[in-house]
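Peer 1: Here is the input, now give the coordinates:
(4 chains)
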Number of protein chains: 4
Amino acid sequence: MEESARLQSGLDRIVFFSDAVFAIAITLLAIDLRLPSGLSDAELTKALRELLPDIEAFVLSFAVVGVFWIAHHRMWRSITRWNQQLLLLNLSMLLVVAFVPFPTSMLGEYGDTVAATALYSGTVLLLGLMSAAIWWYASWNGRLVDPGLPPAQVRAMRASGMVAPIVFGIALAAAFVTPLVSQFLWWSAFLARPVVARITVRRSAPRRC
Amino acid sequence: MEESARLQSGLDRIVFFSDAVFAIAITLLAIDLRLPSGLSDAELTKALRELLPDIEAFVLSFAVVGVFWIAHHRMWRSITRWNQQLLLLNLSMLLVVAFVPFPTSMLGEYGDTVAATALYSGTVLLLGLMSAAIWWYASWNGRLVDPGLPPAQVRAMRASGMVAPIVFGIALAAAFVTPLVSQFLWWSAFLARPVVARITVRRSAPRRC
Amino acid sequence: MEESARLQSGLDRIVFFSDAVFAIAITLLAIDLRLPSGLSDAELTKALRELLPDIEAFVLSFAVVGVFWIAHHRMWRSITRWNQQLLLLNLSMLLVVAFVPFPTSMLGEYGDTVAATALYSGTVLLLGLMSAAIWWYASWNGRLVDPGLPPAQVRAMRASGMVAPIVFGIALAAAFVTPLVSQFLWWSAFLARPVVARITVRRSAPRRC
Amino acid sequence: MEESARLQSGLDRIVFFSDAVFAIAITLLAIDLRLPSGLSDAELTKALRELLPDIEAFVLSFAVVGVFWIAHHRMWRSITRWNQQLLLLNLSMLLVVAFVPFPTSMLGEYGDTVAATALYSGTVLLLGLMSAAIWWYASWNGRLVDPGLPPAQVRAMRASGMVAPIVFGIALAAAFVTPLVSQFLWWSAFLARPVVARITVRRSAPRRC
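Peer 2: Model (predicted):
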């Protein structure tokens, strides 16, 4: 195997390992959706209703992890080299990804509390910061990215990477005042992303998207 | 890496991520098959007998997820480009795939209830609709599929993608009348698929299958 | 993408999906190794001792799934085409792989009972039969295998695929007489494999192994 | 498919399967981070505080498995051939990887006991020995590695592979005297690695790292 193939294979394994952790974490989110056994019909209806916040937390976290996977996907298509530091940054981000099921389950159970809202906001804030750090580190002075990458795209991806940290940072602060505002901000983050993307990235042809 | 290789790599990661979610969800289906500890011989026999509906639900869901994985497999072999919309459609379908273990465990525990039968039918209906949506979106006016794909095959795959939504839609309605009829329809869906496939798709040589 | 590349990609996805299910099932085997919380020092020692059969069952099943993964690995290196039937055979085998954690956990808890021993033997027997069926189907009249594959290797792989079904078939029968003999047979299966391999397959160079 | 492509595909599957087991085990580490339901605000705060050792154990084990994944990653980029023995060594190492969640959960629950500290140290010691054994076996007389690999790099990787076994071997002995010293050694292992790496491996350019 020549050098470039070996290098490619190193990159592939990092991307593959990351994808696997994302996929496992996102699928494990649903593992807490379980009903106790032996319920009567009336109790079953009640138990299902009490499970709704858990299902909402599952959908929210699926969207969160999914969005960060898409961002990871986009970054690593432009990253063409890697070093030990990038590997460690990437592993640290995956640690937060693997951690997400815990604040998710806490949110389903204790969604109205300051603790659950703050922990959830803080976890996604950290995930956003780690994800942004990967891109800033890799793209700084073109350190590890494709030399042909247009500077405008590098800047656009930096801007779009700041959306989640800003929204979830505000949400973290808001959690201590009122959890409801915090949770409203989470869902708005998903609306904010495409808007920012539309402003900063030029419209792309289907093949480039 | 040249443009076409990069594009291919983007497609590969989507397919890979999807495969991983399918594989994890299908394997997690068996995680609820557990016996309480410390049973006597007589209790053990009883506990095993009570586990039979859970095992049946596991086999059914394994077949359901497996069939949708095969369908995904077939669609993405013809999809040669992708865009943000297709990515989101695919992620939404994977959300339903990751959700399947919950109605499965409910079915094992409360298989004779309207709630369990309706939730199960509804989940697979949604999964079928999402799966069909991916193909309609990608193949509409040849948007993202291989230009050389015969129109007859596009149509055949659209038709075959409608089998599960129709059967499970009827099963959802039937669930409110009588769960037994609903469950009979589920199993018949697996018999219906090859029949429809035989009618709409011309017999294929082993290499093309 | 030309036809042969597309075909290869189809094969790759099947192999990849199978690997993922094997990897998830083999890693989930350890998920039941947990201690209750809040034990005193004396109780902790006792609880650890009571966990030994579970650890033994984990190691045994890891070896069983590992051996079948190696066999799968070897078969699919020689399989160069696929059809719907092979896909279904492979999925059916994966269903048994995903099921293995259940008899494993039962074995750890109820290892001395006829039920646990018989279920475990029966599951591995089924896994062995499914695995052998894949190879017989694919290699029958060279249906889906590499045309250049030496007939002696096809036969050797058929013979080696019969070891597990025979041993675990006998173990299943023995389970009803005495579980201890059955369990002795399981471990001996791992010794029998290399012996049979040595008899039927000519010694292979490191690169070919 | 020609011989070299087939051989490469065999290697790829081993590496892929290993990556998947690493990824699943590392993500499952967080699965025990759960709170009981129905707690009051005061109890919730207390339960969260009691979860801190579990989170610490999760972070530690994530780092441990991550470091061994990086080491595996580095070794297999230099391994260009494989045989049955290497496959079995690799599977045995993966067995230990899959086992790691158990001592991790025990550490979170019983972190101050000799039993938990000794089991954790012993598990990582075993993991380190298995990992080192893979490299010694593959690199012995250049048995299965890239012939162009500089002998200095082979030796450097052998030396760096001894760090974990030595530190965790001492930690295992220390566990029986005082668990606190043992735990201090674990964290210091992560500081020791880069130091040893700096001494034994010449500084590498970003592409080679």
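
Peer 1: Check which residues of the lengthiest helix in chain A are buried.
Peer 2: The helix spanning the most residues in chain A, taking DSSP state H as the definition, is helix A:41-78. In terms of neighbour count (16 or more other Cβ atoms under 10 Å in any protein chain shown), helix A:41-78 has its buried residues at A:44, A:47-48, A:51, A:54, A:57-58, A:60-78. To be clear about C-beta, it is placed using only N, CA and C from the backbone, and glycine gets the same treatment.

Peer 1: correct me, but A:Leu39 touches A:Thr45?
Peer 2: No - no contact is recorded between A:Leu39 and A:Thr45 when judged using Cβ atoms under 8 Å, the distance being 9.0 Å.

Peer 1: Of all the residues in whatever helix or strand A:Ala98 lives in, which ones are buried?
Peer 2: Element membership for A:Ala98 (DSSP states H and E) is helix A:84-99. Counting neighbours by 16+ other Cβ under 10 Å, one finds that the buried residues in helix A:84-99 are A:86-87, A:89-99.

Peer 1: From chain D, how far out is the most centrally placed residue in chain A?
Peer 2: The residue lying closest to the centre of chain A (Cα atoms, centre = their mean) is A:Phe68, at 3.2 Å. A:Phe68 is 14 Å from chain D, where distance means Cβ to the nearest Cβ, to the nearest Å.

Peer 1: next one: phi and psi at the residue nearest to A:Arg74 when sequence neighbours are not counted?
Peer 2: With Cβ to Cβ, 6 or more residues apart in numbering or on different chains as the measure, A:Met157 is the residue that lies nearest to A:Arg74, at 6.9 Å, once sequence neighbours are left out. Backbone dihedrals for A:Met157, given as degrees, to the nearest 10, come out at phi -70, psi -30.

Peer 1: Pretty sure A:Met157 sits against A:Met75.
Peer 2: Yes - here A:Met157 lies in contact with A:Met75, judged by Cβ under 8 Å, at a distance of 6.8 Å.

Peer 1: Now do the shared contacts for the two.
Peer 2: Both A:Met157 and A:Met75 are in contact with A:Trp135, where contact means Cβ atoms under 8 Å, 6 or more residues apart in numbering or on different chains.

Peer 1: May I see the buried residues of the helix or strand encompassing A:Pro165?
Peer 2: Element membership for A:Pro165, per DSSP H and E: helix A:151-177. Of the residues in helix A:151-177, A:153-154, A:156-157, A:160-161, A:163-165, A:167-172, A:174-175 count as buried by neighbour count, 16+ other Cβ under 10 Å.

Peer 1: Now the residue of chain A found nearest chain D: closest residue in space that isn't a chain neighbour?
Peer 2: As assessed by Cβ to the nearest Cβ, chain D sits closest to A:Ala20 within chain A, at 3.5 Å. Computed as Cβ to Cβ, 6+ apart, the closest residue to A:Ala20 that is not its neighbour in sequence is D:Ala23, at 3.5 Å.

Peer 1: if I look at that neighbour, how far off is C:Ser61?
Peer 2: 20 Å (Cβ to Cβ, to the nearest Å).

Peer 1: Repeat that for A:His72.
Peer 2: Summarising the geometry, the distance separating A:His72 from C:Ser61, computed by Cβ to Cβ, is 34 Å.

Peer 1: Please apply the same query to A:Ile134.
Peer 2: 38 Å.

Peer 1: cool, and A:Trp186?
Peer 2: Noted for A:Trp186: a distance of 41 Å to C:Ser61, by Cβ to Cβ.

Peer 1: re the thing from before, how about the residue nearest to A:Ala20, what does it touch?
Peer 2: Residues near D:Ala23 by Cβ under 8 Å, 6+ apart: A:17, A:20-21, A:24.

Peer 1: Centroid-wise, who is the farthest residue in chain A?
Peer 2: In chain A, counting by Cα atoms, centre = their mean, A:Ser40 sits farthest out from the average C-alpha position, at 39.0 Å.

Peer 1: Check what pLDDT that one gets.
Peer 2: According to the per-residue confidence, A:Ser40 scores 88 in pLDDT.

Peer 1: Return the backbone torsion pair for it.
Peer 2: The phi/psi pair for A:Ser40 (degrees, to the nearest 10) is phi -80, psi 170.

Peer 1: and A:Leu11, what pLDDT?
Peer 2: Per the predicted model, pLDDT is 85 at A:Leu11.

Peer 1: and the gap between it and A:Arg81?
Peer 2: Counting by Cβ to Cβ, the gap from A:Leu11 to A:Arg81 is 8 Å.

Peer 1: go on, A:Leu144?
Peer 2: Taking Cβ to Cβ as the criterion, A:Leu144 is separated from A:Arg81 by 4 Å.

Peer 1: okay, those two: which has more neighbours?
Peer 2: A:Leu144 (21 against 18; other Cβ atoms under 10 Å in any protein chain shown).

Peer 1: wait, what's in contact with that one?
Peer 2: Under the criterion of Cβ under 8 Å, 6+ apart, the neighbours of A:Leu144 are A:79-83, A:86, A:137-138, D:206.

Peer 1: so the closest residue in space to A:Leu11 that isn't next to it in sequence, which of the three states?
Peer 2: Counting by Cβ to Cβ, 6+ apart, A:Trp82 is the residue found nearest to A:Leu11 once chain neighbours are left out, at 6.0 Å. Secondary structure assignment for A:Trp82 (DSSP: H, G, I helix; E, B strand; the rest coil): coil.

Peer 1: isn't A:Trp82 right next to A:Gly10, touching?
Peer 2: Yes - here A:Trp82 reaches A:Gly10: they are 6.7 Å apart, a contact under Cβ under 8 Å.

Peer 1: Check the contact lists of those two and give me the overlap.
Peer 2: The contact lists of A:Trp82 and A:Gly10 share no entry, where a contact means Cβ under 8 Å, 6+ apart.

Peer 1: Is stretch A:57-70 in proximity to chain B?
Peer 2: Yes - contact of stretch A:57-70 with chain B (Cβ under 8 Å from any Cβ of the partner chain) involves A:58-59, A:62, A:66, A:69-70.

Peer 1: near chain C too, which of those residues?
Peer 2: Restricting the residues of stretch A:57-70 next to chain B to contacts with chain C (Cβ under 8 Å from any Cβ) yields no residues.

Peer 1: Need the max-distance pair from the residues you listed.
Peer 2: Pairwise distances across the residues of stretch A:57-70 next to chain B (Cβ to Cβ) peak at 18.4 Å, for the pair A:Phe58 and A:Ile70.

Peer 1: roughly how far apart are the closest residue to chain B within chain A and A:Phe62?
Peer 2: Closest to chain B within chain A is A:Ala23: 3.5 Å, counting by Cβ to the nearest Cβ. Here A:Ala23 is placed at a distance of 12 Å from A:Phe62 (Cβ to Cβ).

Peer 1: A:Asn90 now?
Peer 2: Distance, A:Asn90 to A:Phe62, by Cβ to Cβ: 21 Å.

Peer 1: looking at the contacts of A:Leu144, which has the most residues close by?
Peer 2: Comparing those by number of neighbours (other Cβ under 10 Å), A:Ala138 comes first, having 24 neighbours.

Peer 1: Quick check: chain neighbours aside, which residue is closest to that residue?
Peer 2: Sequence neighbours aside, A:Leu144 is the residue nearest to A:Ala138 in space, at 4.4 Å (criterion: Cβ to Cβ, 6+ apart).

Peer 1: Could you pull up phi and psi at the one you found?
Peer 2: Backbone torsions for A:Leu144, taken as degrees, to the nearest 10, come to phi -130, psi 10.

Peer 1: What of A:Val145?
Peer 2: Reported as degrees, to the nearest 10, the phi and psi values for A:Val145 are phi -100, psi 170.

Peer 1: Tell me the pLDDT of A:Leu35.
Peer 2: The per-residue confidence score, pLDDT, reads 91 for A:Leu35.

Peer 1: Just give me the neighbour total for it.
Peer 2: Applying other Cβ under 10 Å, I find that A:Leu35 has 19 neighbouring residues.
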